[in-house]
Structure formats: C-alpha cells, structure tokens
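> coordinates only, sequence not included:
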C-alpha cells in the first residue's frame with residue numbers, strides 16, 4: 001500500500017493549512033497527513049510500484065542522463081515514447097491536433113496544439129483555457145512526439161487546449177534561448193494566436209516536467225520581473241527547481257530508476273553557457289535557490305513530486321518555499337512512483353491516474369481564472385511580441 005499526499009495552501013501570506021482529503025484511486029490516492037507545512041524531504045514508499053519495476057526491466061537501456069551520449073538517448077526516447085511507436089490501443093484520443101509555428105527571437109518555433117472534444121463549447125465562445133507546455137529531458141533530450149500521448153490525456157480530462165512547444169535543445173542552443181522562446185509563445189497565445197483559437201487571454205497557464213518545470217518556474221519569475229502579463233498558473237511536474245547535489249533523494253534515488261542523478265549535472269553543463277555573467281545560482285537558472293522573499297507575487301502553482309525520483313526533494317523544497325512566500329500552492333506527491341510518468345501512461349495505470357490528477361489541477365485553476373475574467377486588470381507593462389503570424393504545417397491526428 002502506498003500513499004498519495006495532497007497539500008493545499010491558501011492564497012496570501014496566511015499559514016498553510018492541513019492537507020485536504022481525496023478519494024481513493026487504484027491504490028495510490030490514500031490521503032496522508034503531512035503536518036502544517038509541505039516537507040522539504042518527500043517520503044518514499046518501501047517499494048517501487050510493481051508496474052514501474054516491470055517497465056524498467058523491459059527497457060534496461062532506456063536512461064536519462066546515463067552512460068551513453070545524449071544523441072543515443074534522444075534516439076532511444078523516440079523509439080520507446082514516440083507517439084508513432086506506441087500501440088494504437090494505448091494512444092489517448094483527442095479531438096484534433098494542429099501543427100503550426102511562430103517566428104521567434106531565435107527563428108521558427110514549432111508548436112503542436114491539442115484540441116480536446118471536452119473544450120469545444122468554451123472554444124466556440126472564446127473562453128477556452130490554454131496550457132503552454134515545455135517538455136522535460138534535461139534541456140537536451142526529447143521532443144513533443146514523446147510527450148503528446150500524456151498531454152492528450154491532460155487536454156481531454158481538463159477541457160484545456162495544450163500548446164506543446166518544440167523549443168531548441170541544448171547543447172546546440174544554450175540558456176536563455178529556451179526561455180526567450182517560451183516567453184514568445186506565451187505572448188502569442190495570450191494575444192492573436194490564442195484569440196483566433198478561442199482562448200481567453202486571462203486563462204493561459206504554463207507547465208512543464210523536469211527541465212521543463214524549471215523553465216516554467218523561471219519564466220514566471222522573469223515575466224514578473226519584466227512587467228509582462230503573467231500566466232494564470234504554473235503546473236510543475238517533478239521540476240528540477242535547482243541542482244539536487246545535497247538532498248537525501250540524490251542518494252536514495254541515485255541510479256537505475258530511469259533518471260540518473262549524476263547525469264543531471266551533465267545536463268546543466270549542456271544548458272549553461274560559459275560566462276562570468278551567468279551562474280548556477282541565477283534567478284532564472286535555479287528558482288529553487290532563491291529566498292522565500294524573492295519568490296513572492298507569483299502565479300498560483302501546482303507541484304507534483306515522486307518518491308523514487310532524484311529530483312524529489314528539490315521539488316518538495318520549492319513547493320514549500322512558494323507556500324511560505326504566500327503563493328497559492330497545491331502539492332501532490334506519489335511516494336512509490338519515479339521520474340517521467342507523464343510519458344509512461346501507455347504502460348501503467350498508476351501513471352495514467354497521476355496524469356489525470358494533473359488534468360484536474362489544470363481544470364481547477366482554469367475555473368478560478370474564469371471567475372476572475374470579469375474583473376478588469378491593470379496593464380503590467382509593455383510586452384515585446386514577435387511576429388505572430390503562424391506558420392501552418394499539414395498534419396493529422
């Protein structure tokens with residue numbers, strides 16, 4: 001028996017309250033008391049979920065940050081997780097998929113838009129929500145192909161359009177290229193690109209897993225500092241809020257659980273330029289290293305962590321800091337899951353249920369944003385918007 005921990009902090013500077021109760025789902029949704037604050041060290045179940053053990057045994061060469069060169073990891077991830085490689089009966093349904101692109105600050109940015117059948121009515125009324133998503137992979141590995149299946153489930157379960165960004169990968173392109181592209185896509189979805197697709201500009205969320213979670217946290221801080229229109233919320237799946245060099249999880253979950261902890265440092269090396277002006281402590285590089293005071297004023301956050309993940313504790317720590325900073329924070333923890341479950345819904349029900357939980361958090365946040373859309377907002381500065389003319393590619397579901 002494993003536990004699923006849920007914590008909900010109220011908005012504003014009040015003290016966090018006890019975790020809310022929830023219903024049971026497939027043996028992973030048993031509410032468990034965590035005390036008055038989100039812990040900085042997440043709990044780990046006695047055993048890894050049996051379906052994950054089976055999956056890892058079936059794909060022993062599938063690693064993230066492992067011994068082989070990142071180009072080999074890129075190929076292997078495509079071969080296992082690519083939508084084209086999945087059994088047809090394991091592909092989640094979606095109403096429609098649009099392949100488009102925009103002109104960004106560093107060239108063309110491909111975007112894959114997932115339109116759920118559950119969101120047709122709000123789209124037709126111009127009240128649709130959008131989740132702009134940056135995938136994980138250590139800034140170095142991965143493509144939208146490998147994340148589309150899980151994101152389809154998020155879209156249909158939440159009724160929210162998903163805009164999956166094919167950002168430029170490291171080491172060919174280094175920080176802050178990826179954040180520049182993320183911000184350009186946000187401007188486009190909050191502006192003309194979203195408007196023509198029925199998206200309300202105040203119902204645009206940002207999300208990402210692992211390195212994509214880092215970039216989502218960073219872009220929330222950066223847009224706040226720049227005075228740009230904020231996102232309506234941030235959805236962080238097992239985020240790399242900072243490097244996990246000093247956490248219990250980095251020792252407990254160091255190896256053989258898909259994400260290799262020591263490989264995380266090579267990914268950071270790929271991402272960061274060699275520059276006297278940029279350090280690992282920088283605000284937009286390591287949001288998790290910032291003080292509580294410096295994290296105030298951000299959009300509401302939903303943070304997801306896993307017990308058998310080397311990034312477990314940096315995610316818990318960041319959720320803890322956000323809550324202390326007065327940011328409305330929802331924390332969900334799965335003590336017998338590992339890193340990367342968004343990509344693994346074709347293999348195990350526990351991953352599918354966790355992704356459905358993500359969708360529910362998205363749905364809740366959009367409901368709150370919808371209730372606020374009737375209130376006029378004060379402009380928060382001028383946004384620099386790149387050429388928003390989208391470039392359309394032929395494609396099909």
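Received, thanks. Please read these numbers as outputs of a predicted model, since none were measured by experiment.

> can you give me phi and psi for the closest residue in space to residue 252 that isn't next to it in sequence?
Spatial nearest neighbour of residue 252, excluding adjacent residues (C-beta to C-beta, 6 or more residues apart in numbering): residue 44 at 6.3 Å. Backbone N, C-alpha and C define where each C-beta goes, glycine included. Reported as degrees, to the nearest 10, the phi and psi values for residue 44 are phi -130, psi 130.

> what's the longest helix in this structure?
Under DSSP state H, the helix in the chain containing the largest number of residues is helix 349-372.

> now it: how far from the chain's centre is it?
Distance, stretch centre to chain centre, for helix 349-372: 12 Å (C-alpha atoms, centre = their mean, to the nearest Å).

> now stretch 224-234
Distance, centroid of stretch 224-234 to centroid of chain: 16 Å (C-alpha atoms, centre = their mean).

> Could you do stretch 60-71 as well?
Put simply, stretch 60-71 sits 22 Å off its chain's centre (C-alpha atoms, centre = their mean).

> which residues touch that stretch?
Stretch 60-71 is contacted from outside by 56, 73, 76-77, 80, 137-138, 140-141, 258-264, 266-267, 270, 339-340, using C-beta atoms under 8 Å, 6 or more residues apart in numbering.

> Contacts only, for residue 239.
Under the criterion of C-beta under 8 Å, 6+ apart, the neighbours of residue 239 are 208-210, 213-214, 216-217, 303, 311, 314-315, 318.

> In JSON lines, list those residues along with pLDDT, secondary structure and neighbour count.
Shown next, in JSON lines, are these (pLDDT from 0 to 100; DSSP: H, G, I helix; E, B strand; the rest coil; neighbours: other C-beta atoms under 10 Å):
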{"residue": "208", "pLDDT": "98", "secondary structure": "strand", "neighbour count": "30"}
{"residue": "209", "pLDDT": "98", "secondary structure": "strand", "neighbour count": "30"}
{"residue": "210", "pLDDT": "98", "secondary structure": "coil", "neighbour count": "30"}
{"residue": "213", "pLDDT": "98", "secondary structure": "helix", "neighbour count": "29"}
{"residue": "214", "pLDDT": "98", "secondary structure": "helix", "neighbour count": "32"}
{"residue": "216", "pLDDT": "99", "secondary structure": "helix", "neighbour count": "28"}
{"residue": "217", "pLDDT": "99", "secondary structure": "helix", "neighbour count": "29"}
{"residue": "303", "pLDDT": "98", "secondary structure": "strand", "neighbour count": "28"}
{"residue": "311", "pLDDT": "98", "secondary structure": "coil", "neighbour count": "31"}
{"residue": "314", "pLDDT": "98", "secondary structure": "helix", "neighbour count": "32"}
{"residue": "315", "pLDDT": "98", "secondary structure": "helix", "neighbour count": "31"}
{"residue": "318", "pLDDT": "98", "secondary structure": "helix", "neighbour count": "31"}
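
> As CSV, the residues you listed with distance to residue 89 would be great.
Formatted as CSV, the contacts of residue 239 follow (distance: C-beta to C-beta, whole Å):
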residue, distance to residue 89
208, 28
209, 25
210, 28
213, 30
214, 34
216, 32
217, 36
303, 32
311, 31
314, 36
315, 32
318, 37
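
> Tell me the one of these nearest residue 287?
residue 217 (4.1 Å; C-beta to C-beta).

> ok, that closest one touching residue 286?
No. With contact defined as C-beta atoms under 8 Å, residue 217 does not count as touching residue 286 (9.4 Å).

> Between the two, which contacts overlap?
residue 241.

> what mean pLDDT does stretch 366-385 have?
Average pLDDT, stretch 366-385: 59.

> which parts of the longest helix of the chain are buried?
350-366, 369-370 (16 or more other C-beta atoms under 10 Å).
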